[in-house]
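S.K.: here is my input, please return the structure:
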Amino acid sequence: MIEVVSLPKGQSLSRRDAKAQSSAKKCSLRALLRFRFARLLLRKGVSVAVLLLCACRHNAPESETLPYYASADFTPRWIGKNSGEINSIPQIAPFTLVNQNGDTITEKNFAEKIYVADFIFTSCGGICPSMTNHMRKVQQAFRDDDEVLLLSHSVTPELDSVATLRAYAQRNGIVSGKWHVVTGERKMIYDLARYSYFADEDLGRPRAEDEFLHTENFFLIDRQRRIRGVYNGVMPVEISRLIEDIATLKKEEVNTLSATLNHTKS
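M.R.: Model prediction:
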């Protein structure tokens, strides 16, 4: 069942907020149905599901590296650090948003950090609670690691004020400074979702500027603000893979730095 925002007696939502809430309920339900279908695959045909999860890695090099993602179809691309092709991989666009503490948050807060991003809304009763529980597991895995941060964007900024986000953070054990839950200008959040994270729900279908957007995906972002992994945020097996991939990315970047220093010395 999808939850709705409770308002004081006698107070009603504006037409725009009511439209956003209605769209959010429909979109969250579609995402929940997709999750249930994926779970059915896991129950009915584990071998098929495993093949689907591993298929994108069939072209992976033998060395322990993560691919890059540069398009909405999430085709993985393994690129050598010294390859000129690396310059064709887009970065997450600059942004200015506000977190649950009322602090202004920009891409500079994530400079030289690895981070995991997702898109939620606090009144969501479909997939968001599962996503937030799983993001909390990532938080716990890297709680004492200052190099790893978490970033959750509200897709209903009209409804999710700083006070609402603060209460949400307190209810869900969100650690301040480690995990930023942000609100802000709707257009900025939606532009980030669609054009930086490729977080559109129905690929190939034109979308109106004001159309509601919601995705169950988690996105792993490297220190250069490039997408290095995409994960289903409601599936435990995917969260385990995400945690492993963060460790792989940290190791990969250490190895790259070491190789660069050795090359400089020689």
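
S.K.: would you mark the buried spots in stretch 141-159?
M.R.: Buried residues in stretch 141-159, defined by neighbour count with 16 or more other C-beta atoms under 10 Å: 141-142, 148-159. C-beta: built from backbone N, CA, C; applies to glycine.

S.K.: now do the helices in the chain.
M.R.: Applying DSSP state H to the chain gives helices spanning 15-44, 46-55, 128-141, 162-171, 186-191, 236-265.

S.K.: by mean pLDDT, show me the worst of those.
M.R.: Sorting these by mean pLDDT places helix 46-55 lowest, at a mean of 40.

S.K.: what about the buried residues of stretch 141-159, which are in strands?
M.R.: Judged by DSSP state E, strands contain the following of these: Val148, Leu149, Leu150, Leu151, Ser152, His153, Ser154.

S.K.: before we move on, the earlier item: looking at the buried residues of stretch 141-159, which one is closest to Gly80?
M.R.: Set against Gly80, the nearest of the buried residues of stretch 141-159 by C-beta to C-beta is Val148 (24.6 Å).

S.K.: which residues are in contact with the closest one?
M.R.: By C-beta atoms under 8 Å, 6 or more residues apart in numbering, the residues touching Val148 are Lys113, Ile114, Tyr115, Val116, Phe142, Ile246, Lys250.

S.K.: out of those residues, which are buried?
M.R.: Among those, the ones that count as buried by 16+ other C-beta under 10 Å are Ile114, Tyr115, Val116, Phe142, Ile246, Lys250.

S.K.: with adjacent residues omitted, what lies nearest to Phe74?
M.R.: Closest residue in space to Phe74, ignoring its immediate chain neighbours: Val230 at 5.2 Å, by C-beta to C-beta, 6 or more residues apart in numbering.

S.K.: coming back round to it: which among the ones in strands among the buried residues of stretch 141-159 gets closest to Asp200?
M.R.: His153 (14.2 Å).

S.K.: could you dump the buried residues of stretch 141-159 into a markdown table with distance to Phe198 added?
M.R.: Compiled in a markdown table, these are given as follows (distance: C-beta to C-beta, whole Å):
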| residue | distance to Phe198 |
| --- | --- |
| Ala141 | 25 |
| Phe142 | 24 |
| Val148 | 22 |
| Leu149 | 21 |
| Leu150 | 19 |
| Leu151 | 16 |
| Ser152 | 17 |
| His153 | 14 |
| Ser154 | 19 |
| Val155 | 15 |
| Thr156 | 20 |
| Pro157 | 20 |
| Glu158 | 24 |
| Leu159 | 25 |
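
S.K.: one step back: measure the residue nearest to Phe74 to Ala111 for me?
M.R.: As judged by C-beta to C-beta, to the nearest Å, Val230 and Ala111 stand 22 Å apart.

S.K.: ok, these two, which is more surrounded?
M.R.: Neighbours around Val230 and Ala111, counted as other C-beta atoms under 10 Å, are more numerous at Val230. The numbers are 21 against 10.

S.K.: pretty sure the more buried one sits against Asn217.
M.R.: Yes. The pair Val230 and Asn217 passes the contact test of C-beta atoms under 8 Å, sitting 5.5 Å apart.

S.K.: separation between Val230 and Gln170?
M.R.: Val230 is 29 Å from Gln170, by C-beta to C-beta.

S.K.: err, Ala111, not the other one
M.R.: Look at Ala111 and Gln170: by C-beta to C-beta, they are 28 Å apart.

S.K.: then Ile246?
M.R.: Distance of Ile246 to Gln170, given as C-beta to C-beta: 25 Å.
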